[in-house]
Every structure is written in C-alpha cells, then in structure tokens.
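1. coords below, sequence missing:
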C-alpha cells in the first residue's frame, strides 16, 4: 500500500472498507445526479438532444416559473441582506439594550420550517386572515393580500434574513477593534470610520450571506407552495412538484429538465460566492483584542429600540401567535370568546386522527433511520477522508458535501430516476426512497461534524493503543469511538432535526403509506383544515424548539478538548 | 510644543481599580516609556491619552489644553486630539493598499491630491517603504506592515506619537533593528513619544525616561540609568535587571549614603550603600546587582561557590554566604564549584519593600 495508510491502517480490510464506502457514496449521490443531468439531454433515440428543454420551455408557464424563481431569489436576497445587515449592525455595534435576547429572538425564524412560517403569515394576511379581518372591519377593505408576489417576497425575506444577520453579526463582533481605532486616531469621525473601514471589512460576510440566501430562496419549496400557488404564482420547485404529482412520463421528463435548471441557479449563487468572496485577503495579524467601540445612539436610542422590537413582534412573534391561536380555535371564523377555544385540535392530531398519527410515526421512523444511517456512513466517510490520504477519500469527501448545494426538489427527482425500477430496484412509494434521499441530502452534516472531531484526535492516541497491544478494531472501539461520541451524537441530532419535519423531498417521494408530518400538514392546510394543520404545526415547533435547546445545551455547550 | 499632563487620574473597570491616582508630566519632544508587567495599567494609560478610554476621575492636558476633565465635563474624541498611534497588531487596513492606508488621514483632513501625494512620498521614504505603495497588506511582511502603521501615524505630523508594544510581533533580529530606527525617527521629527512595553531592554535602549507601573500605581519615574542604578523599591530592582536582596541594619547615616550591617551574612559585615529614600528605617533592604559583587580570595565576606554557569562573555555563579546570591563575573578569572572564595560588594542601594 506504500505510504498511503498511516500505521493503524495497513491491511486489506481497510482497503475493502474504503472501496465499499466509495461505491455506496457513488450510488447514493453521484449516480442520481449524473442520471438527472444525462436524462435531461436524452432523447428517444439519441443520447444528446435539447428536445426535452425545448419541449419544457415551449410551455409559457415553465418559462414564467424560471423567471419567477430568479426574480424571487434576487428580490429576497436584496431585502434579506439589507434587513439582516442593518439588524446585525444595530445588535452588534450600538448601545441598544438587551442584546442577547434580541439576538436570540432575531434568530428564531431560522429554527422554524419555512412552510410552517408561511402558514402563520397566511393566518394573518390571507384573504380572511386575522389582520385583514380586523382591517376590513375598520376600513371596509383588506390590508394586504399575502397571496401575491410582494407577499411571497415578504414571507421569504422574513425566513431568509437570519443567515445574513448571523454572519454579519459575527463579523462585526469579532472584527479587530484596533482597525477602527486606527481610523479614529488619525482623524476620522465614527460614522466615517464605519463607512470607509468597517463596512468594506464586513462586505465579504455580507456578500457570502447574500449568495447563501440566493441559493436557499431558489431552492425553497414550502413558501412558494403555500403563498404563491393559491395565486397561481409558480416557481421552479412548485412546477417540478406539479409535474411529479401528475405521474406521467412526460411530466417526469419535464421535471428533470426543470431540476437541472434549478440546480444551475442554486449552484450559480454558491459559485459566485466562492468566486467573489475571498477572505484570505482580509486576514491580518491579530493582537490583544479590545471590544469594538459601541455607538451611542443618543436621542435615537428609543426610536431604534422601539423599531427593532416592533420588527420582532411583527415578523417573529405575530406569525407564531396566529398559528397558535388558530390551533386553539374550534372553527375558523368563530367569535373571539373563550368558548370558541379548545385543546381538542391537539388531541385529535396526536391521538385520534389516523392520518396524523401515521404521519408522526412515519416521520419519526424516517428521521431515526436517516439520522442513524447518515451518522454511520458519514462517520466512516469522515474517518477515511481524514485518515487515509489519496484521491479516493478526497473525492468521497467532496461527494458527501455536494448535495448541500443541490435543491431538495431536484435531489428528489434524481432519486425517482434511479430508484423506480430502472436498475432492477423499485423503491418508489416505499419509505426507503425517502430515507435514501434524506441520507444523501444530509450526509454533509455528519461528515462535517465528525471529520472536524477526527482531526482533533491525534494519530498518536490510536498508535498508543496499538503499541500496548490492542488490535486495530479494539483500538477503534476503545479509544476512537469514545472520543468521537459527542461528535456522533451531534451528527445524529443535526440530521434528526431537519428530517423529522421535512417537506421539500418527501412531498415528491411519499406514497399512500409513507406520508410524513410535513406532507400531512401541507395537505391539511391546502384542504382548508386550518385548525388541524396549525395544531400539528405547533406540535412540530414545540419539538423543534425543545430539540434545538437540548442540542445547544448538551451537545454544543461543552466541547471536549 | 506638545506636553502631556496627567493629573490625578483614576480608572475603574467596574469595581476593578486599574489606574490609581496617576500624575505624570511628559515633556515636549520626550520619549517616555510606560513599563510594567501585563495588567499593570500601561495600555489603559496609553488608551486614555488616545481617547479610547475615559478616566473615571482626573484630568488630562495636552499643551495645557484639557482634552479630558471629569469635573469640567470635557472629553475630546480621539479624532480631534491630533495624536498618532501605532497599535500592537499594526491595524493596517486590509482592504486598502499601502498608499491608501497612509493617505487616509490626509484625505480625512481634505488635503489637495498633490499635497497628499507629496506627503505620502516623503513619509514612505522615511520609513523605507519605497516601491511598495501599490501592495496590499497581505502581500507585506510583518515588519513592512509595521512601517505602514508608522507612516500612517506620522504622515499628518501629529505632535504626539503613541506606541502600543509595536515590536512585540516582530522576530528578535528585526525588533533590535526597529528600536534604533524608531528612536532615530523620533529624534529627527522631534515628536513626543509615549511608548508602552513590558520589555525592559526595549525601554532601556529607547527612552529618555521610564515610568515603571505595577497594579495601576507608579513605582518609579526616571532615566534608564537612574532606574537601573537606583531602583526605588524591590519591585523595580527585580523587574529591571536582576538583583540580590540583603536585609540589614543601619549603623551610620551619611550624606546620601548609609553604613549597613548585613544581618543574613555570617559575621555581620558592614558595607556602605547608597540611599535616596525620603525616610529611612533602622531595618532596611539592600539591592545588589550581580555584576556589583566581586569574587576573589581577599574580600570581606566569606562565600562558597555553589554553581557555575558559563555564558560566553560572562560567568554566572550562585554563591552561598548563609543565603544564596547571584554573581556575574568576567570569564578571565574562573572559580570552581565547591571552592571557598571571598566576596566584596562594590555597590548596594537601599530599596523600599
């Protein structure tokens, strides 16, 4: 084997493990994406033709949906970046009171599944939403119809500003204070320093947040499905869903072409990020760090404080409140009296309704299975990619992170292409196609977490085990695994959290027996069963918040060194 | 004219009293070093002069103009104090090239473009950065970045230059070079410099006067020679150079000198010591530099060589006289471990505890 494997890794079984894992990764991730790409160019007789694309875009609605995707992504990116950056600056650099609470509250939308957030907004600004009803009673017309393009941009922005907020906030807080002080001491006023020094320095963070928002928005399904579709506003993800739902051969072919376009748009965002945002240029020698100066808002302090709390109340708390209110209502439209409210919606969702009970069971099984598979496979990939030098392991590492950039909708379509009997295995309508898609989609979480941890374990720890006489397997079991345990737990939790309330992938892959929580909430909402839908959604949010809390507290709270 | 006066300055961080009743006058054109271990308040003092920290009590003047006064409610912001400052990590702006970094203070002052170019050219010459004007900081070495920081701090001809451990990020050889260069620039421009460091040899080489700080209190202010030859207390004697401490009893007072009976040494020998303290108790502590002890076979104090360390240009000994002392001697006359010798103390100074 030459110098390829470090001492603990000589012998055939490691080589076998490497190639087995490599093959699994190829089938799991590379094959579906390659097939998606090839199929989009495959004709009945030829391997390469543009006929599919021409056919797809001969329909005006498909062109429109691609344009809408771009338009929505660009506008959301603009507003989310603007709002996120301003909020970050206020919280990071001014003397606005109660910063840590503000920071937590402003990050709440990040923990809410976008389709559930969209429901909250619908209950406020749908045609008969609470706010519109109140407004109509006062002024005789509704305030704002959420089912419109501006509504779509509004809701999308409210769930997409947090990545910008947090990256810019981190950049502002961790920026070397002396860079600004140097500006002050040579004569520049604070605002001049902000403009000519601080802003250019955080610009890479702002841009990288913006490109991330662009990719996330173009890949998002839940918000356009709930907000846009009722107004016949289509984007690529919802069009692909409709085509898959049609169940026809032609539909699948068009969904394939649209998926490739969608991937192109999402990856363009990330590629631009890598192209423009090079942070290496901005690293400087750091010395003792003093905290950056806080800007005294002075007479604007009250105004800014009020505005930021109004923003939080309006964009973070109000949609959650409307969701909760709906979940407690006996029926939509009843008068606001105590007797109109009940807990029976929750009771029905959790204990009576077969549909929702089944969905809970399904989602938990899928999430537990995917989290477990991802953690096992991801740890092996991570371990091999850190410890075994060579092209194969490096390629495997790259492959595992690829689906991070692929919109879930497109990934789901690629799974259909592979797992519907084409290669002798038909998993369509079974739970396994969903689990496989989840595993492919979220593999990167595990690989990233575990490989970071493996890198922390010095090889000498394992070599010490070998030197005192333990066999390779025993060393792994007694030394490596226990040290990796926190990372493995984190990886498991990190995958469980998004999968148990997943919508984008499962809506394309579910069968009659494999409805997930996400799918069921979506269907209840579409079917006008608002009380059930919101009770179910509230239940999901409670679990999501509790999990998030537990993970922050027990897994990330105390890092081992 | 740029004279800095700190008048009874106190600084609290929360309950933490970091500067205690500091009064200090730095004369025009003087190079004054604030020297002390980490946490002694030297950087805080510098940052109060710069305007990045506000004293809790007291006043600061530049040329008799108050730039800070608690009772008169004056606090001139840093940008209006017309001070130059070089930061420990240089704080060269990574998004601007060398020229733009140096030109920034001039642009702030709305100077015409030609004038800016002329001034930058001149300062670039002085700090020896010619030809690197278009480079970005990440393309510069640490030493070059530091020159940019110097040029940026000097280009607008401030009357005061504050230096916050500017050499601590450089390698040893460059540090040595820069000491002389900084001193040279200061002399040429006649600028008042306040220099912060924890490195005593840096302070020795460059300063006109040194302010030794500990726990926010001034321990001693004086020229490098004064500080080294006549340390006021045990801390200064120990922090600057190496000292042996000997307990003694005053047997006779003279003009600036005392005769002291050494209580820890066999036979209680009496030696003459310098004293510059305001009050003198009967029991005193003497500080004796290792090089001020002579080893021979005919001194007044009996001793035994415990350990010998050869350092090249000198030889260090640990000798026992009842207690152990450090002695630094020339390499020409070597004594062996275990050998019985005699010591004579050439110079001792009475220090406070």
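-> That came in fine, so what should we check first? Fair warning: this is a prediction, and the values are worked out from it, not measured in the lab.

2. Quick check: which element contains residue B:272?
-> In this assignment (DSSP states H and E), residue B:272 forms part of strand B:270-274.

3. immediately after that strand, which helix or strand?
-> Past strand B:270-274, the next helix or strand by DSSP H and E is strand B:283-288.

4. and that following strand, what's its mean pLDDT?
-> The pLDDT scores in strand B:283-288 average 93.

5. ok, then the element right after it?
-> Remark: after strand B:283-288, the chain's next helix or strand is strand B:293-296, criterion DSSP H and E.

6. Partner strands of that next one and their direction?
-> Strand pairing for strand B:293-296, using DSSP bridges, gives strand B:340-345 (antiparallel).

7. helix, strand or coil for residue 89?
-> Because you didn't say which chain, this covers chain A. Following DSSP: H, G, I helix; E, B strand; the rest coil, residue A:89 is assigned to helix.

8. oops, chain B please
-> From three-state DSSP, the assignment for residue B:89 is coil.

9. Repeat that for residue B:329.
-> Secondary structure, three-state DSSP: residue B:329 is strand.

10. May I have the beta-bridge partners of it?
-> residue B:315.

11. didn't it look like it was pressed against residue B:314?
-> Yes: Residue B:329 lies in contact with residue B:314 (CB atoms under 8 Å); the separation is 6.7 Å. From N, CA and C alone the C-beta is placed, and that goes for glycine too.

12. Which residue ranges of the stretch 301-450 of chain A form helices?
-> Secondary structure of the stretch 301-450 of chain A (DSSP state H, counting those that start in this stretch): helices located at A:301-311, A:318-328, A:344-347, A:354-387, A:391-401, A:408-419, A:431-456.

13. same question, the stretch 151-300 of chain A
-> Using DSSP H, counting those that start in this stretch, helices in the stretch 151-300 of chain A cover A:177-185, A:190-193, A:199-219, A:222-223, A:236-246, A:249-276.

14. Which elements pack onto the third one?
-> When you say that, I think you mean helix A:199-219. Packed against helix A:199-219, as judged by 3 or more CB pairs under 8 Å, 6 or more residues apart in numbering or on different chains; DSSP states H and E, are the following elements: helix A:60-93, helix A:149-174, helix A:249-276.

15. Ranking the ones you listed by mean neighbour count, which comes first?
-> Most buried of the helices and strands packed on helix A:199-219 by mean neighbour count (mean count of other CB atoms under 10 Å in any protein chain shown) is helix A:149-174; its value is a mean of 22.

16. Could you give the number of residues near residue B:114?
-> Neighbour count of residue B:114, defined by other CB atoms under 10 Å in any protein chain shown: 8.

17. For it, give me its contacts.
-> By CB atoms under 8 Å, 6 or more residues apart in numbering or on different chains, the contact list for residue B:114 is empty.

18. and it, what helix or strand is that in?
-> Assigning secondary structure by DSSP H and E places residue B:114 in helix B:113-126.

19. looking only at pLDDT, what's the mean for that helix?
-> Helix B:113-126 shows a mean pLDDT of 94.

20. Repeat that for stretch B:26-38.
-> Mean predicted confidence for stretch B:26-38 is 94.

21. list the buried ones in stretch A:127-136?
-> Residues A:129, A:130, A:131, A:132, A:133, A:135 are the ones in stretch A:127-136 that count as buried (16 or more other CB atoms under 10 Å in any protein chain shown).

22. And stretch A:103-111, by the same measure?
-> Within stretch A:103-111, the residues that count as buried by 16+ other CB under 10 Å are A:103, A:105, A:106, A:107, A:108, A:109.

23. Not counting its neighbours along the chain, what's nearest the first one?
-> Read it as residue A:103. residue A:91 (5.6 Å; CB to CB, 6 or more residues apart in numbering or on different chains).

24. Now do the contacts for that neighbour.
-> Contacts of residue A:91 (CB under 8 Å, 6+ apart): A:99, A:102, A:103, A:106, A:169, A:308.

25. give the contact list for residue A:318.
-> Residues near residue A:318 by CB under 8 Å, 6+ apart: A:120, A:124.

26. Sorry, slip of the keys, the one I care about is residue B:3.
-> Counted by CB under 8 Å, 6+ apart, residue B:3 has contacts B:25, B:26, B:27, B:28, B:61, B:62, B:63, B:64, B:192.

27. which one of the residues you listed sits closest to chain A?
-> residue B:62 (13.5 Å; CB to the nearest CB).

28. What's the local residue count around the closest one?
-> Neighbour count for residue B:62, taken as other CB under 10 Å: 22.

29. do the same with the one 10 residues further on
-> Each residue near residue B:72 was counted by other CB under 10 Å, and the total is 9.

30. For the spatially closest residue to it that is not a sequence neighbour, name its beta-bridge partners.
-> Closest residue in space to residue B:72, ignoring its immediate chain neighbours: residue B:66 at 6.4 Å, by CB to CB, 6+ apart. Legend: beta-bridge partners of residue B:66 under DSSP bridges are residue B:61.

31. what residue ranges in the stretch 151-300 of chain A score low on pLDDT?
-> Applying pLDDT under 70 to the stretch 151-300 of chain A flags the ranges A:277-291.

32. helix or strand for the residue in the stretch 151-300 of chain B positioned nearest to chain A, which one?
-> Taking CB to the nearest CB, chain A has its nearest neighbour within the stretch 151-300 of chain B at residue B:169, 5.8 Å off. Of the helices and strands defined by DSSP H and E, none includes residue B:169.

33. so it touches residue B:149, yeah?
-> No: checked against CB under 8 Å, the pair residue B:169 and residue B:149 is beyond contact range at 10.7 Å.

34. higher neighbour count, those two?
-> residue B:149 (27 against 18).

35. Just say helix, strand or coil for the more buried one.
-> Taking three-state DSSP, the label given to residue B:149 is helix.

36. Next up, the contacts around it.
-> Residue B:149 neighbours (CB under 8 Å, 6+ apart): A:182, B:86, B:87, B:90, B:91, B:92, B:166.

37. Which secondary structure elements does the one helix or strand residue B:12 maps to sit against?
-> Here residue B:12, judged by DSSP H and E, is contained in strand B:4-13. Using 3+ CB pairs under 8 Å, 6+ apart, the elements in contact with strand B:4-13 are strand B:16-26, helix B:42-50, strand B:57-62.

38. Please identify which of the ones you listed is closest to residue A:340.
-> Between residue A:340 and these, the tightest spacing by CB to CB is seen for strand B:16-26, at 58.2 Å.

39. I'd like to know which elements the closest one is packed against.
-> strand B:4-13, helix B:42-50, strand B:217-222.

40. quick one, helices of the stretch 51-200 of chain B?
-> Listed in chain order, the helices of the stretch 51-200 of chain B (DSSP H, counting those that start in this stretch) span B:98-108, B:113-126, B:142-154, B:172-189, B:200-206.

41. how far is stretch A:64-81 from where the chain is centred?
-> The gap between where stretch A:64-81 is centred and where its chain is centred comes out at 17 Å by CA atoms, centre = their mean, to the nearest Å.

42. Run a quick neighbour tally on the nearest residue in space to residue B:43 that is not next to it in sequence.
-> Excluding the flanking residues, the one nearest residue B:43 by CB to CB, 6+ apart is residue B:196, at 5.7 Å. Counted with other CB under 10 Å, residues neighbouring residue B:196 total 25.

43. what does residue A:545 give?
-> Using other CB under 10 Å, residue A:545 has 13 neighbouring residues.

44. Verify the stated contact: it with residue A:110.
-> No: using CB under 8 Å, residue A:545 is not in contact with residue A:110; the gap is 11.7 Å.

45. Between residue B:169 and residue B:149, which contacts overlap?
-> The contact sets of residue B:169 and residue B:149 overlap at residue B:90 (CB under 8 Å, 6+ apart).

46. OK, contacts around the one residue in the stretch 401-550 of chain A that gets nearest to chain B?
-> Of all residues in the stretch 401-550 of chain A, residue A:455 sits closest to chain B, with a separation of 25.6 Å (CB to the nearest CB). If you count contacts by CB under 8 Å, 6+ apart, residue A:455 has them with residue A:386.
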